[in-house]
Structures are given as C-alpha cells and as structure tokens.
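[1] Give me a model of this one.
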Amino acid sequence: MAAITVEVTKPNRPDAVQLIRELDEHLSSLYPVESTHFLDIETLMQPSIRFVLAFAGGVAVGCGALRLKEDYAEVKRMYVKPTYRGKGVGYKLLNKVETLAREAGYTTLRLETGVYQLEAVKLYERHGFHRRGPFGEYTDDPLSMCYEKRLD
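    Residues are numbered from 1 along each chain as shown. Below is the predicted model:
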C-alpha cells in the first residue's frame, strides 16, 4: 500500500465532495435523520473549520474536520473508504486533527459518534477519548455517544 499522507485542504474539491457524499450515504443507511449531524460543504468552508484529506498514492481515501468552538474543538466528518479501513488512515487523520487543535490553542477535543460505528469507537478510545454526556447541539440520543479528550 502507498504511504498515507494527510493534508489540510478545502472541502469543496471534487475528491473531498465525493468522500463527504459517501460518508453521508453511509451514515444515512445506519441512522434516522434526527440522529445525524451532518456539516455540509458550505459549512465546512467556514473560517471556524479545518478540513483534512488523507491520500494514498495521490488518491483521497479519507477525510476529517475540526470545528473550532469557543472553549473546545470538535472532531467532525471522519470517514475512511472501506477498502482502506484497518490500515492506519483513521489514526493519521485523527492525529492531524488533534495537532491542528493543539496548534490553535485548544486543550479540549470532543466528538460525537454513533453506536453502530464500532470501528470508529475503537479508534477514538485507543486514541485517548473518554465517554462523556451530550454537549453543544447534541441531545441524549440512544444512538449517539459523545467523547472528550484533554490535550494539556
């Protein structure tokens, strides 16, 4: 397999749009609308968002985003193409997002994921995230799990 690289880029490029579309389709197949928390391309283009793509041999194989809030940063839009799962792509994406949060001066990183995304849950827990209650716009949803990691 080609080396995996991760770059900060714009989410409106065609390969990013395709990954986001795949992510939306995947999540929509798992959860009802009221349990999804999509950020669209326009929102991902806002100054408070950092968007990253993972590449293997020059091909985009995964994405992620960091949403900068007032007192924490949030991991959003994490996705790895199924054929690249289990190869360290998610880990590299999460490392990059965490680095961006640290560089922006944040000491708390949060995320929300779904109960059916077991691979993602394993990744987050191995990466030092701990379960917490709902935060921000998230509610107490039985299909949702919220996590937090201290960066200091």
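
[2] could you point out which element follows the helix or strand E42 falls within?
    Counting by DSSP states H and E, the element that carries E42 is helix 41-44. Tracing the chain C-terminally past helix 41-44 and defining elements by DSSP H and E, one meets strand 49-56 next.

[3] quick one: strands adjacent to that following strand?
    Each strand paired with strand 49-56, and its direction, by DSSP bridges: strand 4-9 (antiparallel), strand 59-68 (antiparallel).

[4] Including distance to R131, could those strands go into TSV?
    Yep, even glycine has a C-beta here, placed from its N, CA and C like the rest. Putting the strands paired with strand 49-56 into TSV (distance: least, C-beta to C-beta, whole Å) gives the following:
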stretch	distance to R131
strand 4-9	26
strand 59-68	20
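
[5] ok, back up a step: tell me what the helix holding E42 is packed against?
    Packing partners of helix 41-44 (3 or more C-beta pairs under 8 Å, 6 or more residues apart in numbering; DSSP states H and E): helix 14-30.

[6] One more pass at 7 Å, please.
    In terms of contact count using 3 or more C-beta pairs under 7 Å, 6 or more residues apart in numbering; DSSP states H and E, helix 41-44 is assigned no packing partners among helices or strands.

[7] Give the buried residues for stretch 52-68.
    Neighbour-count burial for stretch 52-68, counted by 16 or more other C-beta atoms under 10 Å, picks out 52-56, 60-68.
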